[in-house]
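Trainee: next one to model:
(chains A and B)
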2 protein chains.
Amino acid sequence: MTQVTETSALQLRSLVKKTGELELSLVSVDIPAPADNEVLVRIEASPINPSDIGLLFGAADMSTATVTQGEHGPVVTARIPEKGMKAMAARLDMSMPVGNEGAGVVVAAGASEAAQKLMGKTVAVLGGAMYAQYRCVPVEQCLPLQGATPAEGASSFVNPLTALGMVETMRREGHKALVHTAAASNLGQMLNRICQKDQVSLVNIVRSKEQADLLKKDGAKYVVDSTSDNFMQELTDALVETGATIAFDAIGGGKLAGQILSCMEAAANRSAKEYSRYGSTTFKQVYIYGGLDMRPTELVRDFGMTWSMGGWLLFPFLQKTDPATVQKLKQRVADEIKTTFASHYTREVSLAEALQPDALAAYGKRATGTKYLINPAKA
Amino acid sequence: MTQVTETSALQLRSLVKKTGELELSLVSVDIPAPADNEVLVRIEASPINPSDIGLLFGAADMSTATVTQGEHGPVVTARIPEKGMKAMAARLDMSMPVGNEGAGVVVAAGASEAAQKLMGKTVAVLGGAMYAQYRCVPVEQCLPLQGATPAEGASSFVNPLTALGMVETMRREGHKALVHTAAASNLGQMLNRICQKDQVSLVNIVRSKEQADLLKKDGAKYVVDSTSDNFMQELTDALVETGATIAFDAIGGGKLAGQILSCMEAAANRSAKEYSRYGSTTFKQVYIYGGLDMRPTELVRDFGMTWSMGGWLLFPFLQKTDPATVQKLKQRVADEIKTTFASHYTREVSLAEALQPDALAAYGKRATGTKYLINPAKA
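Mentor: Take a look at the predicted model:
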């Protein structure tokens, strides 16, 4: 059963060439017929997340990008600095589709009952290659959206499950409150709403007064501005009040991750009775889950010896969490997609518009408030 | 029962004054009579470990040290830079005894059978305040030394149990080989011997050819010199060969800890079949257990997202390990104190000699091959 008459459609590709060039283009690919347990989704909305930008741009220097016209639309070319090529070794000369998640309408379905039940439904989909007009996926990768549009449901997985995963990780690892950086991001706004709903104390770290105001307007109790002259003092005060000993950091580079550990240590020592040459015995954890700042991470190590810093990613978290819990988290996202998990976008663009210089420059900043949504159904 | 005729004896003290001065001196303290389950030990050997130097010098700038003559011997005075005073808050104006471990002869014992059995025996002792002529401790803190002198048994706890704890931690956390930095230290030499005996692959990182030669002469198979032009390549090769994914780093500051993660990632990716934008899924752990380099730690973060860095200390390790295992580790130390756990010292000094400018400058370097042993029984 299908409503599709075309046999091929456009897909966005990222290619790193051995010669040290990045090429972004649109290619024409065959539209597959869904197998028994699969559905074909006409993608109508797919966000450009920071994690997508990593795959899209690779190690290219986007200030060197030029755009020409190719067979199926714009072709972006940019230079990759020599030192960046080492990390690209495993993807050389492989044309890669992009787009972790998206949403659209099921326009063809396989023979299975589960597939047939989705026919005509609006679904959110996780699984890569979403910057495409059509995407064929197994039924299990679809989350049916009740009364929400594709644009409303486009970001149903990466940000919502990451935010829920942080709160879940906090609980499982024995902490009672948490810290979040780049806290006015779409993800941060979701986390702020989750924590209010679940009565978990959250310390939001932002980089401007506007971002602080946005979160406070949305009910945030603890917001600290890292550009404040008294940042360390203000963060320590919030940590004393909340007892937060775990942080999730989207920034990665520079001093912030280490400063959080320093302030956690200062908070722990406010109540210390005795001198310990190895610092407090309070366990302090910072997880780096993003790299908005690509500079090295600098740790001043004035936070004793009871600390840990490490990487945190959604997919390993989901893999080590039992399926029933994961399903519960996904259902919560579907139920609250227009409230707790609502996303905001700066601009909706077509596949071709996503490859224009103004768009590349805007979402390439990875800055709070410059989030783009691709609508591959848009002409 | 006692063989002691004096009623008071000398003890070394470290005092941080509110005025921003460090004072090291010898004081006269009463010799206590042991309670039922205690023994009085005449300390004849106590090492100056890096962890002791932290308590001894605090945040003082030892290049400003001057020595005068006090009532009971030398008095060292040094300035503490203002930025260092914050970390000293909890020990201000408290005269603190120093010396984590030592060894000596039991010269008085309490009434209990366990205490009486130790009378006249040579024992190693853990418990602080060992830079003293006499030390009264509970029987449980003593490790009887069979046929070893106090000098041979002085370092029975900190280095041996730390080295054994590293191997134990490696096994418990699911790694199969390990990396160690400052690997030619006394601790590193012990670890090298343990790993050979236990058939565990160890990658030794050193900072000179002399240190490399020393370890190789002692049977080390993998020794990498961080001053080599090809350091990263050589370390990666050793990591590929051994499969080491956990490291214990005594240095802390600078780039080394991060470079170890980078090389572990490169080693994991040598066998990778597929491009992963988040790096390898091999879990990589670096524990920082010392701070030989006090500069900030710099992480370049080219090692993906599956990593952790944290503090590691002997005492928390012992606390979370079951008592039977701890006892087994201690017994191994006593059994192999002249072989696996043999320590080497640059110089044996009296309490007064330990406070002379030449000695302060030498052991204050915390450099491999400048280890001092205090003999409080020496005139």
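
Trainee: in chain A, which spans are helices?
Mentor: With DSSP state H as the definition, chain A shows helices at residue ranges A:50-57, A:82-85, A:113-117, A:150-153, A:158-172, A:186-198, A:209-217, A:231-242, A:256-270, A:314-320, A:323-335, A:357-363.

Trainee: residues in contact with the fifth one?
Mentor: Outside helix A:158-172, the residues that touch it by CB atoms under 8 Å, 6 or more residues apart in numbering or on different chains are A:47, A:49, A:51, A:100-101, A:126, A:176-178, A:180, A:186-187, A:190-191, A:194-195, A:198, A:200, A:246, A:248, A:287, A:289, A:312, A:314, A:317-318, A:321, A:325, A:329-330, A:332-333, A:337, A:340-341, A:343. Any C-beta I mention is one placed from the backbone N, CA and C, and that applies to glycine too.

Trainee: figure out which of the helices of chain A is closest to residue B:131.
Mentor: The stretch from those with the least distance to residue B:131 (CB to CB) is helix A:256-270; that distance is 26.7 Å.

Trainee: counting contacts, what elements does the closest one pack onto?
Mentor: If you count contacts as 3 or more CB pairs under 8 Å, 6 or more residues apart in numbering or on different chains; DSSP states H and E, helix A:256-270 packs onto strand A:177-181, helix A:231-242, strand A:246-249, strand A:284-288, strand A:293-299, strand A:307-311.

Trainee: possible to save these as CSV with mean pLDDT, mean neighbour count and distance to chain B?
Mentor: Converted to CSV, the helices and strands packed on helix A:256-270 look like this (pLDDT from 0 to 100; neighbours: other CB atoms under 10 Å in any protein chain shown; distance: least, CB to the nearest CB, whole Å):
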stretch, mean pLDDT, mean neighbour count, distance to chain B
strand A:177-181, 98, 25, 15
helix A:231-242, 98, 19, 11
strand A:246-249, 98, 26, 12
strand A:284-288, 98, 26, 8
strand A:293-299, 95, 19, 4
strand A:307-311, 98, 22, 3
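
Trainee: can you put the ones you listed in CSV and add distance to residue A:61?
Mentor: Shown next, in CSV, are the helices and strands packed on helix A:256-270 (distance: least, CB to CB, whole Å):
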stretch, distance to residue A:61
strand A:177-181, 26
helix A:231-242, 32
strand A:246-249, 25
strand A:284-288, 24
strand A:293-299, 12
strand A:307-311, 25
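
Trainee: so which of the helices of chain A gets nearest residue A:296?
Mentor: Closest among the helices of chain A, using CB to CB: helix A:256-270, at 10.9 Å.

Trainee: for chain B, see how far away the residue of chain A most remote from its centre is.
Mentor: Going by CA atoms, centre = their mean, the residue of chain A most distant from its centre is residue A:274, 42.6 Å out. Using CB to the nearest CB, to the nearest Å, residue A:274 is found at 7 Å from chain B.

Trainee: now that residue. Nearest residue, chain neighbours left out?
Mentor: What sits nearest to residue A:274 in space, not counting adjacent residues and going by CB to CB, 6 or more residues apart in numbering or on different chains, is residue B:90, at 6.7 Å.

Trainee: show me the shaky parts of the stretch 251-379 of chain A.
Mentor: For the stretch 251-379 of chain A, applying pLDDT under 70 flags the ranges A:273, A:275, A:368.

Trainee: mind doing that once more with 80?
Mentor: Residue ranges of the stretch 251-379 of chain A with pLDDT under 80: A:271-277, A:366-369.

Trainee: would JSON lines of the helices of chain A with distance to residue A:305 be doable?
Mentor: As requested, the helices of chain A are exported to JSON lines (distance: least, CB to CB, whole Å):
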{"stretch": "helix A:50-57", "distance to residue A:305": "33"}
{"stretch": "helix A:82-85", "distance to residue A:305": "34"}
{"stretch": "helix A:113-117", "distance to residue A:305": "53"}
{"stretch": "helix A:150-153", "distance to residue A:305": "46"}
{"stretch": "helix A:158-172", "distance to residue A:305": "22"}
{"stretch": "helix A:186-198", "distance to residue A:305": "29"}
{"stretch": "helix A:209-217", "distance to residue A:305": "33"}
{"stretch": "helix A:231-242", "distance to residue A:305": "19"}
{"stretch": "helix A:256-270", "distance to residue A:305": "10"}
{"stretch": "helix A:314-320", "distance to residue A:305": "26"}
{"stretch": "helix A:323-335", "distance to residue A:305": "33"}
{"stretch": "helix A:357-363", "distance to residue A:305": "41"}
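
Trainee: figure out which of these is closest to residue B:227.
Mentor: That would be, of the helices of chain A and by CB to CB, helix A:82-85, which comes in at 22.5 Å.

Trainee: what about that closest one and chain B, any contact?
Mentor: No: judged by CB under 8 Å from any CB of the partner chain, helix A:82-85 stays clear of chain B, getting no closer than 9.9 Å.

Trainee: let me see the mean pLDDT of that helix.
Mentor: In this model, helix A:82-85 has a mean pLDDT of 90.

Trainee: distance between it and the chain's centre?
Mentor: Computed by CA atoms, centre = their mean, to the nearest Å, the chain-centroid distance of helix A:82-85 equals 25 Å.

Trainee: packing partners of that helix?
Mentor: Using 3+ CB pairs under 8 Å, 6+ apart, helix A:82-85 is in contact with no helix or strand.

Trainee: now do the buried residues in that helix.
Mentor: Of the residues in helix A:82-85, A:84, A:85 count as buried by neighbour count, 16 or more other CB atoms under 10 Å in any protein chain shown.

Trainee: what does that helix rub up against?
Mentor: Identification of contacts with helix A:82-85 by CB under 8 Å, 6+ apart yields A:20, A:58, A:59, A:60, A:61.

Trainee: could you list every residue that touches the second one?
Mentor: Applying CB under 8 Å, 6+ apart to residue A:58 gives the contacts A:14, A:16, A:22, A:80, A:84, A:88, A:91.
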